[in-house]
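Trainee: this is the structure alone, sequence omitted:
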């Protein structure tokens with residue numbers, strides 16, 4: 001419920017921010033399904049190493065980016081630079097140290113992809129200076145999820 005509440009809240013925060021949605025980690029597909037219900041007019045790009053979700057909860061091949069998320073974010077930087085209104089990061093590895101390293105790398109790769117004022121919803125705390133913390137929705141306990149507004153990012157006009 002925490003993740004769902006945060007994403008629902010974030011969808012309202014980006015209502016006036018143009019841009020695509022980046023879903024980092026498909027998992028079983030429930031979050032992607034929730035996002036496409038919340039933001040049906042947005043292009044949602046999903047990054048995943050290996051798809052194991054129900055077929056009804058998988059984006060089409062033109063919106064599914066397979067491979068190591070770090071490599072794919074770096075490769076697709078020219079395509080998405082300054083074009084993301086919302087990013088959801090759900091990539092835990094199961095090992096705290098490994099997850100910390102992964103999130104540090106992902107965080108640096110996300111900065112140039114976000115529109116100024118764009119929102120990042122994350123299962124882990126981001127530590128960089130490119131983010132302004134957004135208060136959590138009512139009922140979400142602190143430390144369970146984090147929401148940030150991009151205070152930097154590449155300016156971009158037009159769609160991705």
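Mentor: Arrived safely, thanks for sending. All of these numbers come straight from a predicted model, not from anything done at the bench. Residues are numbered from 1 along each chain as shown.
Trainee: residue 38 touches residue 11, doesn't it?
Mentor: Yes. Under the criterion of CB atoms under 8 Å, residue 38 is in contact with residue 11, at a separation of 4.2 Å. Where C-beta positions appear, they are placed from N, C-alpha and C, glycine not excepted.
Trainee: show me where this protein has strands.
Mentor: In chain order, the chain shows strands spanning 20-24, 44-48, 64-66, 84-89, 114-122, 131-133, 146-150, with DSSP state E as the criterion.
Trainee: any chance of these in JSON lines, plus mean pLDDT, mean neighbour count and distance to residue 107?
Mentor: Formatted as JSON lines, the strands of the chain follow (pLDDT from 0 to 100; neighbours: other CB atoms under 10 Å; distance: least, CB to CB, whole Å):
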{"stretch": "strand 20-24", "mean pLDDT": "97", "mean neighbour count": "25", "distance to residue 107": "11"}
{"stretch": "strand 44-48", "mean pLDDT": "96", "mean neighbour count": "23", "distance to residue 107": "14"}
{"stretch": "strand 64-66", "mean pLDDT": "97", "mean neighbour count": "17", "distance to residue 107": "18"}
{"stretch": "strand 84-89", "mean pLDDT": "97", "mean neighbour count": "25", "distance to residue 107": "8"}
{"stretch": "strand 114-122", "mean pLDDT": "96", "mean neighbour count": "23", "distance to residue 107": "9"}
{"stretch": "strand 131-133", "mean pLDDT": "94", "mean neighbour count": "15", "distance to residue 107": "8"}
{"stretch": "strand 146-150", "mean pLDDT": "96", "mean neighbour count": "21", "distance to residue 107": "10"}
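Trainee: go through those strands and name the closest to residue 76.
Mentor: Go through the strands of the chain one by one with CB to CB and the one that ends up closest to residue 76 is strand 64-66, at 6.9 Å.
Trainee: show me what the closest one is packed against.
Mentor: On a contact count with 3 or more CB pairs under 8 Å, 6 or more residues apart in numbering; DSSP states H and E, strand 64-66 meets strand 44-48.
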